Each structure stands twice: as C-alpha cells, then as structure tokens.
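Participant: next come a sequence and a model predicted from it.
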Amino acid sequence: MVKIAAVLALAMLCAAPAAAVPTLAAHTNAVVFNAKSMRVTARQPGYCWTSSIASQRSDAYRCMAGNAIHDPCFELNAQSVACPLDAAANSGVVIALEKPLAPAASNANAWQMRLSSGATCGIGTGTTMPGYPFYCTQNLVCSAPPPGPPPSAVFVHCATVTNGKPGKAGSFLVTTLYQ
C-alpha cells in the first residue's frame, strides 16, 4: 500500500507542469543593477525628463534618445545615464545628457526578472493587463514580485496571452530579480 501511494505521488508530481511545481532547492537571486559596470553597446545624446516608471530607485530616470524612450536609466554622473537593454547580459546604451537631471523617487522595486522557465520579463511602463504588470517572452504576463528585499525564493503568478487576454495560468519561480 505504501509503495502504491509513493508511485501515485510521484506520477502526480511528474504530470504537473514543471513551472508550477515548487522545489526544495528553489532560490531567487536579487541583483541591484550597477550602471557603472554595464557594457556599453551604443552612446547617444538625449535627456531625462522624470523619475523612472519602471524602477523607483533614487538614481533611476525615464529618458529619451532620438525617438526612443529608455526606462529605467541609471545615473552614471551629472553628464550621463546608463540604460540597460539586456540586464542579464549587463549591456545597454549610455545617454550623454543635454539637460541636467532632476531628483528621482526613492524605494527599491523589481523592474526586470527572469523566470525558471527561461522567460525574461520587464515591467510595463504604459497600459498593462490588470494584475499582470510584467510582460515576458514565451507569451506570458506575470504579477509583480513583492516589494522590498526578496525572501529566499519568490514565485509570481503568470498567464499565457490568448487573443490579448490572460489565459491559462500558473506559478513560476523567479530565478533573478533586477532592482
């Protein structure tokens, strides 16, 4: 009887979607993005007109270079900001400021995350789906992780997008939070 129960439990575990099954080894790595160590892929003139919508760090801004809005961008010095395009690769654009920076907001929140499924998610800075402010690769939208320092493992609720609406949902481990 014990063997049958163990086999049934194992079969149920294997049948569940991999992303929805928390493991004992689950862990979330929080990364405080360091703009000074970012690999620069381009340099452009531009300006920042307000605090970042994506990140509430005191050094985070919403900036414009050419016709592109970059958010978040992090202050390097009084003359430039670093705008990560790929946080995992630690690369992005440096904007040479044409106007001085204004004071920014001040509290930490995640502005990008990577899920155990391999999906990369960025916070929406415009209109978002109610309850799902993060837009991800793999056709997913996700809830926001809790604010502040993360516990040892963070899980977010994500849904696939079908016809512009959230569909099938599940819980995903956040492997990396970028703050």
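Facilitator: Thanks, I have it.

Participant: please identify the helix or strand for P147.
Facilitator: Assigned by DSSP states H and E, P147 belongs to neither a helix nor a strand.

Participant: that one touches S55, doesn't it?
Facilitator: No: when contacts are counted by Cβ atoms under 8 Å, P147 is not listed as touching S55 (11.7 Å). All C-beta spots, glycine's among them, are computed from the backbone N, C-alpha and C.

Participant: neighbour count winner among the two?
Facilitator: Neighbours per residue, other Cβ atoms under 10 Å: of P147 and S55, the larger number sits with S55, 28 against 12.

Participant: that one: what secondary structure?
Facilitator: Assigned by DSSP: H, G, I helix; E, B strand; the rest coil, the conformation of S55 is coil.

Participant: please list all residues in contact with it.
Facilitator: With contact taken as Cβ atoms under 8 Å, 6 or more residues apart in numbering, S55 is in contact with D71, P72, F74, N109, W111, Q179.

Participant: check what pLDDT it gets.
Facilitator: Per-residue confidence at S55 stands at 89 (pLDDT).

Participant: ok, T23 next?
Facilitator: Taking T23 on its own, its pLDDT is 50.

Participant: hey, what's in contact with both of P147 and S55?
Facilitator: Common neighbours of P147 and S55 (Cβ under 8 Å, 6+ apart) are N109.

Participant: is V161 in a bridge, and if so with what?
Facilitator: Beta bridges link V161 to P166, judged by DSSP bridges.

Participant: and the nearest residue to V32 once chain neighbours are set aside, how far is that from S58?
Facilitator: Of all residues beyond its chain neighbours, the one nearest V32 is Q179 (5.2 Å), with distances taken as Cβ to Cβ, 6 or more residues apart in numbering. In this view, Q179 and S58 are 12 Å apart by Cβ to Cβ, to the nearest Å.

Participant: V81 versus the residue positioned nearest the centre of the chain, what's the distance?
Facilitator: Taking Cα atoms, centre = their mean, the centroid of the chain lies closest to Q112, which sits 1.4 Å from it. Q112 sits 17 Å away from V81, going by Cβ to Cβ.
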